[in-house]
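1. Provided below for reference: sequence and predicted model.
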Amino acid sequence: MKKLFLFVFLINLQVFARPEVTIPSSVEISQRQLMRLSDIAEVTNANPELLSFLESIVIREDARELLLSQKLESQEILKKVFAAMKSEPGLKKLNPSFKIPAEVHVAFSQTPISRQEIERKLLNNLRTRCSECEYKVTIQSTPVPSTKQWELDFSELTGKGGFLLPVRDGDLKQLKWISGTIRVSQLTPVANRLILQNERVQPGDVRMAMTDVTYSKDTVLRIEDIQGQLAVRSLPLGTPVWSSDLKREPAAKRGQIVKAILGDDSFEVSVNMQAEDNGFVGDLVKVKNLETQKVLSGIVIEKGVVKLQ
């Protein structure tokens with residue numbers, strides 16, 4: 001049986017990295033009286049401001065009414081969304097698109113806190129940090145709040161690995177914890193061939209592939225970060241390439257004869273001089289005129305080229 005979906009595109013047709021709010025056709029929620037849009041929404045290309053808006057939109061003051069019908073009509077959700085758009089200029093400026101099924105079938109979790117709801121909220125929060133990353137959230141345990149007036153605190157949530165998510169219970173002073181793990185994959189350079197130690201790495205030597213970076217303590221690189229760097233160690237075919245696997249080769253080496261230039265676009269003079277320091281592009285180094293023995297300073301602008309100050 002085909003599912004009927006209602007697509008709502010608000011304000012204009014700007015779709016580049018546009019936030020998208022999707023309501024699943026079947027959703028599980030926690031055992032709470034108040035139901036907010038943030039409880040049932042899945043969000044991509046969002047920011048913390050949009051998540052805050054979704055948290056502020058109350059769909060049902062008493063969600064227990066759904067125990068009989070177990071469904072929400074799209075018009076009920078849209079009515080709340082349009083009301084928020086009118087009263088919140090910031091939401092209108094964010095220009096999210098909404099994908100809402102004609103009916104949303106709602107189920108209450110068997111436990112006070114729904115693991116599915118927590119996973120949705122965690123993923124929404126994590127995607128604001130890295131929209132290109134792929135996350136997998138596993139909930140290991142959820143507490144039993146003493147009241148139904150509890151809130152989640154994402155302020156100190158780790159981006160990967162094991163986590164403890166605070167649940168502020170009752171008067172919001174008592175803390176309980178949701179535990180779990182977050183696995184994250186990200187586009188990472190991977191060796192296309194065996195790259196030998198001290199070999200210069202070129203863009204064609206690597207490809208970008210989704211790689212599990214959950215427990216990596218190193219920086220994820222881009223293709224442009226790699227070009228021209230030297231391999232610190234041999235990198236077998238299929239090995240992820242991290243920043244610690246590479247080292248930059250100085251663009252000017254002490255004792256090397258470099259081209260020293262002086263002037264601007266309209267008038268330029270160049271002379272061969274000897275580098276007195278090692279330096280990368282952008283570094284200030286000293287160079288010596290071997291004929292006069294005069295030492296000058298200049299900025300390394302490319303390999304073997306120094307612009308005199």
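-> That came through, no problem.
2. My guess is Glu73 contacts His105. True?
-> No: at 11.2 Å, Glu73 and His105 do not qualify as touching, with contact defined as C-beta atoms under 8 Å. All C-beta atoms are positioned from the backbone trio N, CA, C, and that covers glycine.
3. Distance from stretch 206-215 to the middle of the chain?
-> The chain centroid and the centroid of stretch 206-215 are separated by 14 Å, computed with C-alpha atoms, centre = their mean, to the nearest Å.
4. repeat for stretch 244-261
-> Relative to the centre of its chain, stretch 244-261 is centred 34 Å away, using C-alpha atoms, centre = their mean.
5. now the helices for the stretch 201-309 of the chain?
-> With DSSP state H, counting those that start in this stretch applied, the stretch 201-309 of the chain shows helices at 223-226, listed in chain order.
6. what are the ranges of the strands in it?
-> Taking DSSP state E, counting those that start in this stretch as the criterion, the stretch 201-309 of the chain contains strands spanning 206-212, 230-231, 246-247, 257-263, 268-275, 284-288, 295-302, 305-308.
7. mind putting these in JSON lines, mean neighbour count and mean pLDDT included?
-> JSON lines is the format used below for the strands of the stretch 201-309 of the chain (neighbours: other C-beta atoms under 10 Å; pLDDT from 0 to 100):
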{"stretch": "strand 206-212", "mean neighbour count": "16", "mean pLDDT": "95"}
{"stretch": "strand 230-231", "mean neighbour count": "18", "mean pLDDT": "91"}
{"stretch": "strand 246-247", "mean neighbour count": "16", "mean pLDDT": "90"}
{"stretch": "strand 257-263", "mean neighbour count": "16", "mean pLDDT": "87"}
{"stretch": "strand 268-275", "mean neighbour count": "15", "mean pLDDT": "88"}
{"stretch": "strand 284-288", "mean neighbour count": "18", "mean pLDDT": "91"}
{"stretch": "strand 295-302", "mean neighbour count": "16", "mean pLDDT": "89"}
{"stretch": "strand 305-308", "mean neighbour count": "19", "mean pLDDT": "90"}
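8. give me the low-pLDDT residue ranges for the stretch 101-250 of the chain?
-> Judged against pLDDT under 70, the low-scoring parts of the stretch 101-250 of the chain cover residues 171-173.
9. Might you report the residue contacts of Met210?
-> The neighbours of Met210, taking C-beta atoms under 8 Å, 6 or more residues apart in numbering as the test, are Glu134, Ser185, Gln186, Leu187, Thr188.
10. Repeat the analysis, applying 6 Å as the threshold.
-> Ser185 (C-beta atoms under 6 Å, 6 or more residues apart in numbering).
11. and it, bridged to which residues?
-> Per DSSP bridges, residues listed as beta-bridge partners of Met210: Leu187.
12. With Ser146 as the reference, measure out to it.
-> Applying C-beta to C-beta, to the nearest Å, one obtains 42 Å for the distance of Met210 from Ser146.
13. For Ser26, give me the pLDDT.
-> If you check Ser26, the pLDDT there is 96.
14. what's the closest non-adjacent residue to Asp277?
-> Closest residue to Asp277 apart from its sequence neighbours, by C-beta to C-beta, 6 or more residues apart in numbering: Val285 at 4.2 Å.
15. Next: Ala84.
-> For Ala84, the nearest residue in space outside its immediate sequence neighbours is Ile57; the separation is 5.0 Å by C-beta to C-beta, 6+ apart.
16. And Arg64, by the same measure?
-> Once flanking residues are discounted, Arg64 sits nearest to Gln33: 6.4 Å by C-beta to C-beta, 6+ apart.
17. And for Ile226?
-> Leaving out its chain neighbours, the residue that sits closest to Ile226 by C-beta to C-beta, 6+ apart is Val201, at 5.2 Å.
18. now that neighbour: how far from Glu224?
-> Note on Val201: its distance to Glu224, by C-beta to C-beta, is 12 Å.
19. Please say which of the two ends up with more neighbours.
-> For Val201 versus Glu224, neighbours defined as other C-beta atoms under 10 Å are more numerous around Val201 (20 against 7).
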